[in-house]
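Need a 3D model of the sequence below.
(2 chains)
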2 protein chains.
Amino acid sequence: MEAGIIGGGAMGLLYAAFLSRRHKITLYTNTEEQAAEINEKGAALLKEGVPGIHRFQASAQREYKEELLIITVKQFQLEPVLSVLASLRGRTLLFLQNGMSHVNALDQLTGHSIYTGTVSHGVSRESLREIRLNGIGQTVYAPFPEGMNSRLIQMLDSGDFPFVFQNDWYPVLAQKLLVNACINPLTGLLNVKNGELVENPRYFTMLKQVFEEVFPVLDLEDEHAHWKKVQEICSNTALNTSSMLQDLHNGRNTEIDSMTGYLLGQADEKGMYLPVTAFLYEAIKGLERDCRRRGKA
Amino acid sequence: MEAGIIGGGAMGLLYAAFLSRRHKITLYTNTEEQAAEINEKGAALLKEGVPGIHRFQASAQREYKEELLIITVKQFQLEPVLSVLASLRGRTLLFLQNGMSHVNALDQLTGHSIYTGTVSHGVSRESLREIRLNGIGQTVYAPFPEGMNSRLIQMLDSGDFPFVFQNDWYPVLAQKLLVNACINPLTGLLNVKNGELVENPRYFTMLKQVFEEVFPVLDLEDEHAHWKKVQEICSNTALNTSSMLQDLHNGRNTEIDSMTGYLLGQADEKGMYLPVTAFLYEAIKGLERDCRRRGKA
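Coordinates of the predicted model:
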């Protein structure tokens, strides 16, 4: 099958590398430079230091000609992609953004079969064509706002790179957002790996404070189970550097607006006040600014 | 005049160096090693890199034989000092601890003329006998819980190292505590110099959040003037590294308990809830633990 993957970040490269084993993949990058490097040398997937080279087509042209498109760019890079997608005839689109602020934009996108999903792979980008793989998780996806399972996405599923269908998009995205909004900003602020949030009793108290503010905003059920889940993920990914901490270290924009920023907006609409979450939001926005300046200095 | 200075930290060394120009000073250190170094080589005061050597007596014996004793140890080192002071006949005691948690202990100390004070000198310790001076401020002192001005303390006052008397100890300590509780933990958490808190608009919002929670706990008047004062101090000490950030960098205990910890206790007694301040308290306690472990690693 032919599929297009939009976005040459860590996730885009990971999906292209794994899916190109059985499918004809085009990776749509943002720059000619990255596309040229990948077309020349292939993409390298580092696992414990050993590179495996994966070959697929890369292009900086926004042609998006495939029936199935997987959109892996971050929420704040989504706008130019959406404006091209809006002009195309019906495709199957799988959106893999973190957070939930992109959901409003998807409401405006008509004529396509839309799916939203979450990702639990552990991966970081080392260069324009290299990624480091810390662990394979799964892709959970659901029709947006409603619909059937997608035959095309089902074809991507394999034992070592699973795609799991769910009927209802909201709990899928909301649960992931809850976890991200608890773990990511705290690791970014405290400059620690995920496991520290459950190992250091003081950081654990902070994690609980954030969870208790954020949980009621999302209208999810079973607070106790969700709190257990957040702790489990910290433990299971103890040695991982969260994407937000990686972004800060690299002087890049973080996804704070689509996570914590989105939740603060929702809370505001509901007349809820989240003082610690608001404080954390300002901290990450301030650190973004600081890290960019230090990077340039 | 003879005076004893208790504590060989940055402040103790600073007071000994300046006051030994006109008075016979004994510096009471915690270790024999520090006393020996100072007795052998003198104390060095670095200002723009040029050392000035100051000679005075140093001793690790807790004799405390002088009529006037200035206590400069940190709040969490105060207990052993107080138990010696409790056994002495009447002295004039000037306590220069940050925060306010030492005030309860001073209530128990009878038979002395007690004064509490605040310090606005900018100084950091570089070694057992060297301090770096960033700026001379003043010592503001007041009788505790009430009384007259002290003839002995007045004799210490000089144009270039001023001692300023106030009648009422509470506003002196409370205003300093307010400033410290706003600036110190935030600079520690964000790893920034004081000026960043007013220069980075995101950090400024955080500073305001902390101020607004903490101010009502202290029963001070004129919120607007105090908020202006906090900002002024950030600007005037823009390039200073706060003592709390210095302590974290050096893997030492911070004064968080006598500042933020004290305020949280007061708030609790008054039935007030300070979510951001509690969060900040946990952050600094967690960082203390982290910094100690990294220091040892």
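
Flag every residue of the stretch 151-297 of chain A that's near chain B.
A:189-190, A:192, A:196, A:200-203, A:205-206, A:209, A:275-276, A:278-279, A:282-283, A:285-287, A:289-290 (CB under 8 Å from any CB of the partner chain). Bear in mind the C-beta positions are built from the backbone N, C-alpha and C, glycine included.

And the buried ones among those residues, selectable in PyMOL?
A single PyMOL command selects the buried members of those (16 or more other CB atoms under 10 Å in any protein chain shown):
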select buried, chain A and resi 189+190+192+196+200+202+203+205+206+209+275+276+278+279+282+283+285+286+287+290
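
Need the residue closest to the centroid of chain A.
A:N98 (3.9 Å; CA atoms, centre = their mean).

Might you report the residue contacts of whichever residue of the stretch 51-200 of chain A sits closest to chain B?
Closest residue of the stretch 51-200 of chain A to chain B, CB to the nearest CB: A:N200 (5.0 Å). Neighbour list for A:N200: A:V192, B:G286, B:R289, B:D290 [criterion: CB atoms under 8 Å, 6 or more residues apart in numbering or on different chains].

likewise A:G137?
A:G137 neighbours (CB under 8 Å, 6+ apart): A:V119, A:S120, A:H121, A:G122.

Which secondary structure state is assigned to it?
When classified by DSSP: H, G, I helix; E, B strand; the rest coil, A:G137 comes out as coil.

how close does it get to A:E221?
The gap separating A:G137 from A:E221 is 23 Å, by CB to CB, to the nearest Å.

What of A:G9?
33 Å.

hmm, back to that, looking at the contacts of A:G137, which is nearest B:S242?
A:G122 (36.4 Å; CB to CB).

what's across from the closest one in the sheet?
Under the criterion DSSP bridges, A:G122 forms beta bridges with A:G135.

How much space separates it from A:R132?
9 Å.

go on, A:Q209?
For A:Q209, the distance to A:R132 - CB to CB - is 32 Å.

what are the ranges of the helices in chain A?
Assigned by DSSP state H, chain A shows helices spanning A:10-19, A:32-41, A:78-85, A:103-107, A:151-156, A:169-190, A:196-199, A:201-214, A:223-236, A:243-249, A:262-269, A:275-296.

Mean pLDDT added to those helices, as TSV?
Converted to TSV, the helices of chain A look like this (pLDDT from 0 to 100):
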stretch	mean pLDDT
helix A:10-19	97
helix A:32-41	98
helix A:78-85	96
helix A:103-107	92
helix A:151-156	98
helix A:169-190	97
helix A:196-199	98
helix A:201-214	98
helix A:223-236	97
helix A:243-249	94
helix A:262-269	97
helix A:275-296	92
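
now, of those, which is deepest in the fold?
For the helices of chain A, the largest average neighbour count (mean count of other CB atoms under 10 Å in any protein chain shown) is found in helix A:10-19, namely a mean of 25.

could you give the angle of that one to helix A:32-41?
30 degrees (axes from the mean of the first three to the mean of the last three CA atoms, to 10 degrees).

Show me how far helix A:10-19 is from its chain's centre.
Centre-to-centre, helix A:10-19 and its host chain are 13 Å apart (CA atoms, centre = their mean, to the nearest Å).

packing partners for that helix?
Contact here means 3 or more CB pairs under 8 Å, 6 or more residues apart in numbering or on different chains; DSSP states H and E; on that basis helix A:10-19 packs against strand A:2-6, strand A:24-28, strand A:43-47, strand A:50-54, strand A:122-125, strand A:130-135.
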